[in-house]
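> When you get a sec, could you give me coordinates for this:
(chains A, B, C and D)
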There are 4 protein chains.
Amino acid sequence: MCRWLAYTGEPLQASTVILDAQHSLVAQSLDSPLGNETVNGDGFGFGWYPENAHAGDAPAFFRSIEPAWNDQNLRELTRSVRSPLFFSHVRAAAGPPIQQTNCHPFRHQNWMFMHNGFLDGFAKMKRDLTFAVDPSLYPAILGTTDSEVLFNLALTFGLTDDPIAAMGEAIRMVEAVGRERGIAFPMQGTLAVTDGVTVWAFRYSSQGRTRTLFHSVDVDTVREMYPGAERLKLFGSRARLIVSEPLNNLPGVFNAVPESTVAVVDASGYHHEPFLAPND
Amino acid sequence: MCRWLAYTGEPLQASTVILDAQHSLVAQSLDSPLGNETVNGDGFGFGWYPENAHAGDAPAFFRSIEPAWNDQNLRELTRSVRSPLFFSHVRAAAGPPIQQTNCHPFRHQNWMFMHNGFLDGFAKMKRDLTFAVDPSLYPAILGTTDSEVLFNLALTFGLTDDPIAAMGEAIRMVEAVGRERGIAFPMQGTLAVTDGVTVWAFRYSSQGRTRTLFHSVDVDTVREMYPGAERLKLFGSRARLIVSEPLNNLPGVFNAVPESTVAVVDASGYHHEPFLAPND
Amino acid sequence: MCRWLAYTGEPLQASTVILDAQHSLVAQSLDSPLGNETVNGDGFGFGWYPENAHAGDAPAFFRSIEPAWNDQNLRELTRSVRSPLFFSHVRAAAGPPIQQTNCHPFRHQNWMFMHNGFLDGFAKMKRDLTFAVDPSLYPAILGTTDSEVLFNLALTFGLTDDPIAAMGEAIRMVEAVGRERGIAFPMQGTLAVTDGVTVWAFRYSSQGRTRTLFHSVDVDTVREMYPGAERLKLFGSRARLIVSEPLNNLPGVFNAVPESTVAVVDASGYHHEPFLAPND
Amino acid sequence: MCRWLAYTGEPLQASTVILDAQHSLVAQSLDSPLGNETVNGDGFGFGWYPENAHAGDAPAFFRSIEPAWNDQNLRELTRSVRSPLFFSHVRAAAGPPIQQTNCHPFRHQNWMFMHNGFLDGFAKMKRDLTFAVDPSLYPAILGTTDSEVLFNLALTFGLTDDPIAAMGEAIRMVEAVGRERGIAFPMQGTLAVTDGVTVWAFRYSSQGRTRTLFHSVDVDTVREMYPGAERLKLFGSRARLIVSEPLNNLPGVFNAVPESTVAVVDASGYHHEPFLAPND
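Below you'll find the model as predicted:
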């Protein structure tokens, strides 16, 4: 339904990947080659940990209901911000209204979250799922998307202690409630969550046919593959991207994250592991 | 928290009272003499039954997050629309975000509703009140205001069958839940509701110190009081207004609606009766 | 750069062609099969003469910078408005900022105007063309588009007296100034102008390769071609549309307006004639 | 017509003065004690030189048409940005439309400019003044305010070489053109301009009755006056503010800039000198 990217590594001028790549996130907002929707023009968000932030600080947010492709503020801001970890998201609304409170990412203390996909038949599940959110979190639900409810369910199940287990539990609850309501495949999507240090990116759908997700290959390896690539000088050796679709057409730079997988990126690098796999 | 007006009578060019009166609703948005907040610049709404609508048709809506005072579309629209019954509202937000889904009026089938005031301590009551809404209505709650929850509670209690009883029951529930949470005066405000034929306007607060509410005097009576008033020619004999504050300074044109009262206006004229009065 | 439609005939609920056709204007905003740009998401406008307007009354306007496809107000408004003559336009910006004052149509007294296309190399011509506008019109230029300057040039050359001659003179001036600046093909586009009674629609480009333009065939003829078409019952016998691209895929319903042609539609029907043709 | 502030000194979290002071700029947007208009709700702007910018870099901009008081993005951004020199402005529109291109500050290369006030009778002067702008600057005029034309006139007269002389020449031209048109007092306002190193702030009106302007007193001096003031710890010794009105009620912290004066602030401190004074 949407497109997103997550960056972590040496502090990077955010526009490098949001504005200036061949298939930058803003380019994808107008024309997404791999997206289920071609146009993602129903608002956007950018959440970043400032370069000099302290551990545990909340990320800063810029969210708008304008299409990303012509938003002057997004251009100005991503050109002036350098950040060691940021999320950005362009939205193709599937029902919930176009308003800032429905733009991703969402935030809880020093955590942030975003989603590409949907809970199928959400109207039938919304009340039960919302009721299952911890009452202390309930008043902080400001928008009306399925994604924000899913984030709050994961928080309810302990996201800040064990993100992989909590996200799994939240999705299992969505599937249980959905199937009670006769929904064949309640969960669809790729999810990203971070505490400001580590990024967890999930690719999972009840049907096993999930929206695409890619991770960038180690930058030094890419430099060897493309020794003449000027643009690579913009990136440090620890730079990592997780993206809905590759930011360029260069073979070997982005690899697919498999189905039913969680990718984990931090200062030590990238690895992934099974997540809610069929034989779990 | 806000200012509103309700008009019923012969079809009227809506700008006559929304834009062009001495203290028109748009003038009040920038400077409200009697308001608890001087500025009501956090969006607005206009809901109208078109001149040639059929009985039971839903009203049309125009809602925006821009301040009313400089909104060109509101000017264009209210100058081109003639309507026998319309509501308009300017908002001073007390917390919930500035978004179209939080702008009044709200709508259910052929009914619409608006509110000036607040549920005190709403964050403490929101979950209980929202889950008391009928599950069939729950998915239609699109915004995050106390007012929309109150409207849906009243719908749950039978607003479309007996508006006065249902609104009373909804407010009594708010007061019961609020007092459980230690809130001294949970309900504050003036409310308007209509089915497209009759307007019910309520003035009530738990503390007995409610925001102001006024109704216009019979137009023919006003004509006798002010025989030279050119502006009165714009109004038919059945024209009636219910307003947060008088649209002009002429003595005798607007009378206060008393505390703990519901005013009822339809083709037969105006009357009012006690509503949740202390000795009810 | 954009898509537009013009309707004239019996008063019609505007949503019939703006929202509800197979390739309605709003559908074209998200996906335009024949457009030079697929997406027309940079604002929109709707200008209409109200059903009961008097001769010489100015049209009413609703313009917004939101994409048309998810704009709730456009849906509400076009469903409630019936009009005997209206214009609507969705924009794909080619440089000038996304702001209401750059949304088409534009207006002068009872006249309105819209444009799909561009003045090539406008930045090089803007100053000369703008200062050629009559000084009495100059302060009314509120936006920064090439289209609004072209409209004001045509007004300067007598649009309200002789629309075809004045538009021709304005375009000839654009071409003269452009060629002085070394611009090969200064003028590109389809234009619509109306006084509230007659619609003139121009298809012309300096290169002779103009954006598409179509006109609907006589409704009674279409009824004979498609006797079972329920949807035709919504239209009166005098209904006429001029559109950037056909609103449906039915053969024979829309015919192309030729290159270098002005189409004229009024109560007596449709005709067209050469406009700035090569041998003019 | 507006309110503005300019900060220069040690890098400061921008929210310190834009959001968090007793009469912060955002507080003034809703209620300006000294303003000619109480409400400044017609958009705002924030322009800043990033903490690690290089000499000659252009400032970054965030401008919006929402009222400042409830804009979430402004809160997020000014809390995350630290800057050694920034401008911020809240607008009360006096005619020109509410659009980002009419929000202050305006920018040319590494320079920025803002204005509180107006050119009286601007519609009568606009064409002549705009025509007097250097043709190379003309295409960069994106909005429709008097302020942007004044800035471009000053640029035409050499602002980047000698700001005080060029601003004086621009104002003298405004007065000459205005008086030809029968306008008694063409120029009104306070102006700020900077190249990223020095701030020049002008207080001048043709009538000699100019909008208020204040400058902060040396911070170390203020610390001696108010030894217990915790808030002063947020400011470095070189911190200087120029403001439309004082940010707090503490006597002695802000001093008025006299009529017909230009204040100059840079790393060496504050001084002022006569500007277009009657006996100039």
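> give the contact list for the closest residue to chain B within the stretch 1-150 of chain A.
Proximity of the stretch 1-150 of chain A to chain B (CB to the nearest CB) peaks at residue A:99, 3.9 Å away. From N, CA and C alone the C-beta is placed, and that goes for glycine too. By CB atoms under 8 Å, 6 or more residues apart in numbering or on different chains, the contact set of residue A:99 is A:43, A:65, A:143, B:97, B:99, B:100, B:101.
> most surrounded residue in the residues you listed?
For the contacts of residue A:99, the largest number of neighbours (other CB atoms under 10 Å in any protein chain shown) sits with residue A:43, at 28 neighbours.
> my guess is that one meets residue A:66, correct?
Yes. Using CB atoms under 8 Å, residue A:43 is in contact with residue A:66, at 7.1 Å.
> Can you give me the pLDDT of the residue of the stretch 1-150 of chain A closest to chain B?
Per-residue pLDDT puts residue A:99 at 94.
> now the one 3 residues further on
Reading off the confidence values, residue A:102 has pLDDT 95.
> give the contact list for it.
Residues near residue A:102 by CB under 8 Å, 6+ apart: A:43, A:91, A:93, A:96, A:143, A:144, A:145, A:148.
> ok, now how distant is whichever residue of the stretch 101-250 of chain A sits closest to chain C from chain D?
Closest contact between the stretch 101-250 of chain A and chain C, by CB to the nearest CB, is at residue A:102 (11.2 Å). Using CB to the nearest CB, to the nearest Å, residue A:102 is found at 13 Å from chain D.
> Please apply the same query to residue A:43.
Noted for residue A:43: a distance of 12 Å to chain D, by CB to the nearest CB.
> so what secondary structure elements neighbour the helix or strand of chain A with the lowest mean pLDDT?
Every helix and strand in chain A was compared by mean pLDDT, DSSP states H and E; the lowest is helix A:25-30, with a mean of 88. Using 3 or more CB pairs under 8 Å, 6 or more residues apart in numbering or on different chains; DSSP states H and E as the contact test, the elements touching helix A:25-30 are strand A:2-13, helix A:15-18, strand A:82-91.
> the strands in the stretch 101-250 of chain A, which residues?
In the stretch 101-250 of chain A, the strands defined using DSSP state E, counting those that start in this stretch lie at A:106-108, A:111-119, A:187-194, A:199-205, A:214-216, A:240-243.
> how about a markdown table for these, with distance to residue D:56 added?
Listed next are the strands of the stretch 101-250 of chain A as a markdown table, based on distance: least, CB to CB, whole Å:
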| stretch | distance to residue D:56 |
| --- | --- |
| strand A:106-108 | 36 |
| strand A:111-119 | 35 |
| strand A:187-194 | 36 |
| strand A:199-205 | 36 |
| strand A:214-216 | 34 |
| strand A:240-243 | 32 |
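> Select, out of those, the one closest to residue B:74.
Closest to residue B:74 of the strands of the stretch 101-250 of chain A is strand A:106-108 (CB to CB; 32.2 Å).
> Run through who's touching that closest one.
Under the contact criterion CB under 8 Å, 6+ apart, strand A:106-108 has outside partners A:47, A:58-59, A:61, A:112-114, A:137, A:140, A:143, A:147-148, A:151, A:155, A:160.
> Kindly recompute the last result at 10 Å.
Here strand A:106-108 makes contact (CB atoms under 10 Å, 6 or more residues apart in numbering or on different chains) with A:45, A:47, A:58-61, A:63, A:87, A:89, A:112-115, A:137, A:140-143, A:145, A:147-148, A:150-152, A:154-155, A:159-160, A:193.
> just the helices and strands packed on helix A:25-30: most buried one?
Stretch with highest mean neighbour count among the helices and strands packed on helix A:25-30: strand A:82-91 (a mean of 27; mean count of other CB atoms under 10 Å in any protein chain shown).
> Indicate whether the following helix or strand past the least confident helix or strand of chain A makes contact with chain C.
Under the assignment DSSP states H and E, the closest C-terminal helix or strand after helix A:25-30 is strand A:44-49. No. Shown here: strand A:44-49 not in contact with chain C (CB under 10 Å from any CB of the partner chain), separated by at least 12.6 Å.
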